[in-house]
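>>> Prediction below, plus the sequence it came from.
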Amino acid sequence: MTSIKQWPKQERPREKLIQQGANSLTDSELLAIFLRTGCQGIDVVTLSRQLLTDFGSLRALFSASESDFCVHKGLGQAKYVQLQAVLEMSRRYLQEPLMKGDPLTSAAQTQQFLNAKMRDYPYEVFAALLLDSQHRVIRFHEFFFGTINSANVHPRVIVQKVLQENAAAVILVHNHPSGDPTASESDKKITEKLVNTLQLIDVKILDHFIIGDGKYTSFAEKGWI
């Protein structure tokens with residue numbers, strides 16, 4: 001086995017990142033930098049390629065359970081903990097601008113924030129961004145879990161939280177673990193019911209996002225709100 005130290009400098013992942021930027025690296029090269037070392041008989045880049053083949057994608061690797069992660073050669077609990085810390089820092093980095101009280105300025109900004117919050121849940125979650133009169137985030141709150149339909153989304157619970165936080169506007173969001181963000185008839189009925197309910201207390205629903213796998217549906221963009 002040829003050591004990475006014997007590779008031409010421009011082909012080594014770390015040197016390549018410094019010279020050409022992180023976006024020039026392949027998934028396996030980025031993973032190799034994270035892993036740092038290979039295992040007996042396997043250099044770290046080859047190990048990274050094998051892991052991506054085994055898991056199928058970076059996202060599958062990142063969302064693997066501890067047991068599924070640690071069973072692979074070259075991985076272990078220390079690497080799992082390190083990865084979870086990196087992922088959580090990434091989530092907080094994406095969420096930070098909105099949670100500091102900056103006003104929402106675009107659907108894309110909001111979607112990025114909500115995607116970081118919601119996309120990796122293995123089950124459905126119904127949540128909302130509660131906003132003040134200047135559309136600054138007061139709080140992100142998760143309301144309901146499991147199969148989301150009109151029977152188990154209770155407007156009264158949402159109204160209570162909106163009043164408690166003195167919110168002036170709301171952005172609804174829920175995820176589709178299937179990865180397909182297409183709105184169902186049930187999704188539309190839930191939204192209509194909540195729009196009508198919150199109007200009674202002079203609170204406007206600005207949008208309802210459905211988060212899928214790298215895709216989303218915005219009710220406002222569709223003209224449904």
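Cool, got the structure. Quick caveat: nothing in here was measured; it's all calculated off a predicted structure. Residues are numbered from 1 along each chain as shown.
>>> Show me this protein divided up by domain.
4-75, 101-220 (automatic domain parsing).
>>> Strands along this structure, start to end?
Per DSSP state E, the chain carries strands over the ranges 125-131, 137-145, 169-175, 204-211, 216-218.
>>> Quick check: which ranges of the protein have low pLDDT?
Low-confidence segments of the chain, defined by pLDDT under 70, are located at 1-6, 8-10, 97-102, 148-151.
>>> Output the strands of the chain as CSV; include the columns distance to Leu35.
C-beta coordinates here come from the backbone N, C-alpha and C atoms, glycine included. Compiled in CSV, the strands of the chain are given as follows (distance: least, Cβ to Cβ, whole Å):
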stretch, distance to Leu35
strand 125-131, 31
strand 137-145, 33
strand 169-175, 30
strand 204-211, 29
strand 216-218, 31
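>>> Any chance of the ones you listed in CSV with mean neighbour count and distance to Ala116 as columns?
Conversion of the strands of the chain to CSV gives the following (neighbours: other Cβ atoms under 10 Å; distance: least, Cβ to Cβ, whole Å):
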stretch, mean neighbour count, distance to Ala116
strand 125-131, 22, 13
strand 137-145, 16, 11
strand 169-175, 25, 11
strand 204-211, 22, 10
strand 216-218, 21, 12
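>>> Now Phe143. Nearest residue, chain neighbours left out?
Phe126 (5.3 Å; Cβ to Cβ, 6 or more residues apart in numbering).
>>> wait, that neighbour sits on Gly146?
No. With contact defined as Cβ atoms under 8 Å, Phe126 does not reach Gly146; the gap is 9.2 Å.
>>> Quick check: neighbours shared by the two?
Common neighbours of Phe126 and Gly146, using Cβ atoms under 8 Å, 6 or more residues apart in numbering, do not exist here.
>>> quick revisit: so how far is Ile33 from the residue nearest to Phe143?
To Ile33, Phe126 is 38 Å away according to Cβ to Cβ, to the nearest Å.
>>> Nearest residue to the residue most central in space within the chain in space, please, no chain neighbours.
In the chain, the residue lying closest to the centroid (Cα atoms, centre = their mean) is Ala116, at 2.5 Å. The shortest distance from Ala116 to any non-neighbouring residue, by Cβ to Cβ, 6+ apart, is to Leu94 (4.2 Å).
>>> Next up, the contacts around that neighbour.
112-113, 116.
>>> and which of those residues is nearest to Leu51?
Ala116 (23.5 Å; Cβ to Cβ).
>>> For Val137, name its beta-bridge partners.
Per DSSP bridges, the residues bridged to Val137 are Leu131.
>>> From Leu114, how far out is it?
Counting by Cβ to Cβ, the gap from Val137 to Leu114 is 11 Å.
>>> just Phe145 next, same as before
For Phe145, the distance to Leu114 (Cβ to Cβ) stands at 16 Å.
>>> and if you look at Glu29?
Taken as Cβ to Cβ, the span from Glu29 to Leu114 is 30 Å.
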